[in-house]
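>>> My questions are about this predicted structure, shown below with the sequence.
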Amino acid sequence: TAAESTNAGTPGTPGPGNSLTPTGRSVLVTGGNRGIGLAVARSLAARGDRVAVTYRTGEPPAGLFGVRCDVTDEAQVERAFKEVAAAQGEVEVLVANAGITRDGLLLALGDDAVDEVLDTNLRAVIRVARHAARAMLGGRWGRMVLISSAVAFTGSPGQTNYTAAKAALVGLARSLAWELGGRGITVNVVAPGLVETDMLREVRPARLEQYLAMTPLGRAGTADEVAAAVGFLSSEQASYVTGAVLPVSGGLGMGH
Ligand code: NDP
């Protein structure tokens with residue numbers, strides 16, 4: 001049928017028509033070599049998208065196009081976008097996922113811990129969004145999904161740097177939604193709660209218990225559950241959703 005042929009996706013043709021499951025888009029996931037980013041990358045690739053992931057060391061994950069890139073370095077990001085464009089077309093879907101924690105109570109938090117977290121979790125997101133916007137404007141279609149956190153809304157002792165950066169992504173997404181909306185580009189935020197990845201291993205057990213007690217679903221989520229939300233926001237079905245914050249948190253921090 002016509003719908004099926006549209007669903008097959010046409011490389012280089014962004015946002016195919018009103019297909020319900022457009023595929024074959026050029027996707028870039030930062031920090032897509034493990035954790036949530038890898039789950040997002042795999043799920044979009046399974047739908048037929050052409051997916052590139054950034055990685056910093058070692059080997060890129062099997063079956064995905066890897067570009068070596070530290071997102072805090074403008075020259076590396078510029079090169080990464082060029083490599084992705086050459087390999088699979090200009091980026092049409094950006095998932096800004098790379099992130100770190102360097103926790104500590106404010107009085108003990110050195111400038112290096114503040115700088116590193118703000119550089120990675122905020123300034124680098126602005127940087128990749130700028131490159132992605134350039135890439136998407138020509139095609140008059142695009143999807144950006146920024147990975148924030150439920151603690152951006154609840155606050156979290158010992159995470160002033162992290163929560164400040166993650167909360168800032170909401171303002172960033174909403175300003176960009178205004179700047180790019182006229183060109184068919186949406187910009188949304190996903191705010192995960194506790195998700196089973198390497199990052200969770202750094203959280204103290206007592207703190208984990210507190211978070212779980214604040215989570216109606218009473219468990220940590222999986223990276224695949226976050227990937228499902230990113231998949232929706234990056235899809236054509238989400239064509240009228242922009243500037244939104246979608247919590248994927250088992251109810252942690254709901255109401256914000
Ligand atoms: P992981 O620690 O498992 O993975 C982090 C990813 O970010 C890795 O791929 C890492 O690459 C990449 N990364 C970090 N710094 C850079 C950098 N400078 N340049 C390029 N890549 C970088 O974390 P998660 O998968 O758990 O987290 C993914 C996102 O989700 C983060 O933004 C995090 O803040 C957010 N989040 C996570 C939650 C959780 O409970 N897990 C909850 C709420 C939000 P490398 O392998 O090279 O280090």
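Sure, I can see it.
>>> contacts and neighbour counts: CA atoms only from here.
Noted.
>>> what does the stretch 101-250 of the chain put close to the ligand?
120, 147-149, 192-200 (C-alpha under 6 Å from any ligand atom).
>>> Go again with 5 Å.
S149, P192, G193, L194, V195, T197, D198, M199 (C-alpha under 5 Å from any ligand atom).
>>> Write the PyMOL selection for whichever of those residues are buried.
Selection of buried members from those for PyMOL, criterion 16 or more other C-alpha atoms under 10 Å:
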select buried, resi 149+192+193+194+195
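>>> Which neighbouring elements make contact with the one helix or strand V230 maps to?
Taking DSSP states H and E as the definition, one finds V230 inside helix 223-233. Packing partners of helix 223-233 (3 or more C-alpha pairs under 8 Å, 6 or more residues apart in numbering; DSSP states H and E): helix 35-46, strand 142-147, strand 185-192, strand 245-248.
>>> ok, 6 Å please
helix 35-46 (3 or more C-alpha pairs under 6 Å, 6 or more residues apart in numbering; DSSP states H and E).
>>> could you give the angle of the helix it packs on to strand 185-192?
130 degrees (axes from the mean of the first three to the mean of the last three C-alpha atoms, to 10 degrees).
>>> Can you report phi and psi for the nearest residue to R183 once chain neighbours are set aside?
Once flanking residues are discounted, R183 sits nearest to R140: 4.8 Å by C-alpha to C-alpha, 6 or more residues apart in numbering. The phi and psi values for R140, taken as degrees, to the nearest 10, are phi 50, psi 40.
>>> what's the neighbour count on R140?
Residues lying near R140 (other C-alpha atoms under 10 Å) number 17.
>>> now G255
Neighbour tally, G255, other C-alpha under 10 Å: 8.
>>> ok, it to V245 distance?
Shown here: G255 relative to V245, a distance of 11 Å by C-alpha to C-alpha, to the nearest Å.
>>> repeat for A41
20 Å.
>>> okay, the two: which has more neighbours?
A41 (30 against 22).
>>> Which pLDDT value belongs to that one?
Listed pLDDT for A41 reads 98.
>>> swap in the one 10 residues further on?
According to the per-residue confidence, V51 scores 97 in pLDDT.
>>> Over to L146?
99.
>>> Could you do the one 10 residues further on as well?
What the model reports for S156 is a pLDDT of 94.
>>> what does G58 give?
89.
>>> again, but for G253
Looking at G253, the pLDDT reads 89.
>>> what ranges of the stretch 101-250 of the chain fall below the confidence cut-off?
Applying pLDDT under 70 to the stretch 101-250 of the chain flags no residue at all.
>>> got the residue ranges for the strands in the stretch 1-150 of the chain?
Using DSSP state E, counting those that start in this stretch, the strands found in the stretch 1-150 of the chain span residues 26-29, 50-55, 65-68, 93-96, 142-147.
>>> List just the one of the ones you listed that sits closest to A85.
Nearest to A85, of all the strands of the stretch 1-150 of the chain, is strand 26-29, at 8.2 Å by C-alpha to C-alpha.
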